[in-house]
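>>> Quick one, fold the following:
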Amino acid sequence: MSTAVREVVTLASELIAIDTSNTGDAAAPGTERAAAEYVAAKLAEVGYETTYVESGAPGRGNVVVRLPGADPTRGALLVHGHLDVVPADASEWTIPPFSGEVHDGYVWGRGAVDMKGMVAMTLAVARQFKRDGVVPPRDLIFAFLADEEAGGFLGARWLVDNRPELFEGATEAISEVGGFSVSFDGGTRAYLIETAEKGVMWLRLRTTGTAGHGSMLHSDNAVAKLAAAVTRLESHRFPLILTDPVREFLEGVGELTGVPFDDRDPEGAVARLGNLSRMIGATLRDTANVTMFEAGYKANVVPSQARATVDARILPGREKAFEAELADILGPEVEREWDSLPPVQTTFDGSLVDAMALAIGAEDPGARVLPYMLSAGTDAKSFQRLGIRHFGFAPLRLPAGLDFTALFHGVDERVPVDALEFGTRVLDRFLRTC
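So this is what the prediction gives:
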């Protein structure tokens, strides 16, 4: 067993125990500094020259190091992961979310899968390479980043806009969310590689009306107007669009399961995917989910304003059409403003994909790799501004019965110990041949 494999669980556990909860409030105290300092110390310990940068606000810590490769004329590979996590309510958890406890063969805690497990694997392999004097085929840039859970505006986006030299020469990148296994009937296992992800639009909606006493008749109620608008949005079905990554994934599943994919019924194919259908189903069309609603301050007062927040996810190429459709659904009485991040898409081909498949196959003979589209977003949205081609590849071999996608931002988030060890071996093989 390599040193990297021996230490990855400890690294993951210690990282999880550093609470880096990101509430999304840009004015809140920075949350990543302690974790970034931990990572920097672990890298410096084996001889890396680390660059620590606070991005956009105090405490938003990032660490970047470069390991020179054998061929400096080749584009560098960026391996990046985020240090922040979404908040967790400890009262809902079986094991405290910031304990990093190892129990029943799992490492438990917020960030175990999203994404301190991958950060630990990356850190373990980076340390192993430096300790052993490994010279990879090309330059490797390891980046440990802030603020991904709030869109990366105070993390990857800030670094791309203000410190692009840190990523000089990078042409391709890997990070979350991909490389995890899915088991089909008969024991066939496939590893999903993210080649695309939907765009993000975080909408802030507002209506205004006439304030007054709750006991009287009202025909201009801001709350009622906004409630009706978001109800229309919630019940609306955006058009089904079969994109290339989704088609390739469903065709691949059809080959593995012996049930050919019928492109006249993609929803039927998705319905057969079990727990995975929640995520893959969301890549068949645009989505818009109301996540917050705020209005009023007293039971007998009709307020003059109401506000709502909507999390919209948009297929590649659908941005303008989505905005027009949204305006029709909400109507002229609803004011709209938003923050947005673009879709990401690449093709499932090339030497990097070949290296992924070979690394997976060496550790799990007979397994397949399949492309897919992520319904959520990652820091790839920021790095594509530098022309970097991105893949989601954080390898994990998972138990067949584990509902992995439910663990992202979920209660009792955890990752199998043997999955971390497997992923570390795969990542080691991959980075030696990429």
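
>>> For the stretch 201-350 of the chain, just list every one of the helices.
Assigned by DSSP state H, counting those that start in this stretch, the stretch 201-350 of the chain shows helices spanning 222-235, 244-257, 266-271, 277-281, 319-330.

>>> do the stretch 51-200 of the chain as well
Under DSSP H, counting those that start in this stretch, the stretch 51-200 of the chain gives helices at 116-132, 156-162.

>>> Give me the average confidence score over the last one.
Pointing back at helix 156-162 there. Mean pLDDT, computed over helix 156-162, is 97.

>>> what does stretch 47-61 give?
95.

>>> State whether residue 394 is indeed within a helix.
No - going by DSSP: H, G, I helix; E, B strand; the rest coil, the assignment for residue 394 is coil, not a helix.

>>> That one and residue 144, how far apart?
Look at residue 394 and residue 144: by C-beta to C-beta, to the nearest Å, they are 14 Å apart. The way it works is simple: take the backbone N, C-alpha and C, and place the C-beta from them, glycine included.

>>> Which one of those two is surrounded by more residues?
Legend: neighbour count by other C-beta atoms under 10 Å for residue 394 and residue 144, higher for residue 144 (28 against 25).

>>> Can you tell me the SS state at the residue nearest the centre of the chain?
Note on the chain: the residue nearest the mean C-alpha position is residue 378, at 4.3 Å, using C-alpha atoms, centre = their mean. Put simply, residue 378 is coil when judged by three-state DSSP.

>>> Name whatever forms a beta bridge with residue 310.
residue 203, residue 290 (DSSP bridges).

>>> let me fix that: residue 181
Here residue 181, judged by DSSP bridges, has bridge partners residue 191.

>>> quick one: it and residue 397 touch, right?
Yes - counting by C-beta atoms under 8 Å, residue 181 touches residue 397, with 5.0 Å between them.

>>> shared neighbours, these two?
Common contact partners of residue 181 and residue 397 (C-beta atoms under 8 Å, 6 or more residues apart in numbering): 189, 364.

>>> quick revisit: out of the helices of the stretch 201-350 of the chain, which comes closest to residue 429?
Evaluated with C-beta to C-beta, those place helix 244-257 nearest to residue 429, the distance being 22.5 Å.

>>> How about the closest one, which residues are buried there?
245, 246, 248, 249, 250, 252, 253, 256, 257 (16 or more other C-beta atoms under 10 Å).

>>> coming back round to it: among the helices of the stretch 51-200 of the chain, which is the most enclosed?
helix 116-132 (a mean of 25; mean count of other C-beta atoms under 10 Å).

>>> could you say what helices and strands it packs with?
helix 3-16, helix 33-45, strand 61-67, strand 76-82, strand 140-145, helix 417-433 (3 or more C-beta pairs under 8 Å, 6 or more residues apart in numbering; DSSP states H and E).

>>> which residues sit against the fourth one?
Counting contacts by C-beta under 8 Å, 6+ apart, the residues outside strand 76-82 that touch it are 66, 69, 115-116, 118-119, 122, 138-149, 152, 155-156, 167-176, 352, 379, 383, 388, 394, 431, 434.

>>> so what pLDDT did residue 24 get?
87.

>>> and if you look at residue 434?
Per-residue confidence (pLDDT) for residue 434: 94.

>>> contacting residues around the nearest residue to it once chain neighbours are set aside?
In space, and not counting its chain neighbours, residue 434 is closest to residue 355: 4.9 Å by C-beta to C-beta, 6 or more residues apart in numbering. Residue 355 sits next to 430, 433, 434 when contact means C-beta under 8 Å, 6+ apart.

>>> how about these in a markdown table, adding distance to residue 288 and neighbour count?
Below are those laid out as a markdown table (distance: C-beta to C-beta, whole Å; neighbours: other C-beta atoms under 10 Å):
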| residue | distance to residue 288 | neighbour count |
| --- | --- | --- |
| 430 | 37 | 25 |
| 433 | 42 | 16 |
| 434 | 38 | 21 |
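
>>> Turn these into JSON lines, including distance to residue 274.
Shown next, in JSON lines, are the contacts of residue 355 (distance: C-beta to C-beta, whole Å):
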{"residue": "430", "distance to residue 274": "28"}
{"residue": "433", "distance to residue 274": "33"}
{"residue": "434", "distance to residue 274": "32"}
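
>>> which among the residues you listed gets closest to residue 313?
Nearest to residue 313 among the contacts of residue 355, with distances taken as C-beta to C-beta, is residue 430, at 28.9 Å.

>>> isn't that closest one right next to residue 361, touching?
No - checked against C-beta under 8 Å, the pair residue 430 and residue 361 is beyond contact range at 11.1 Å.
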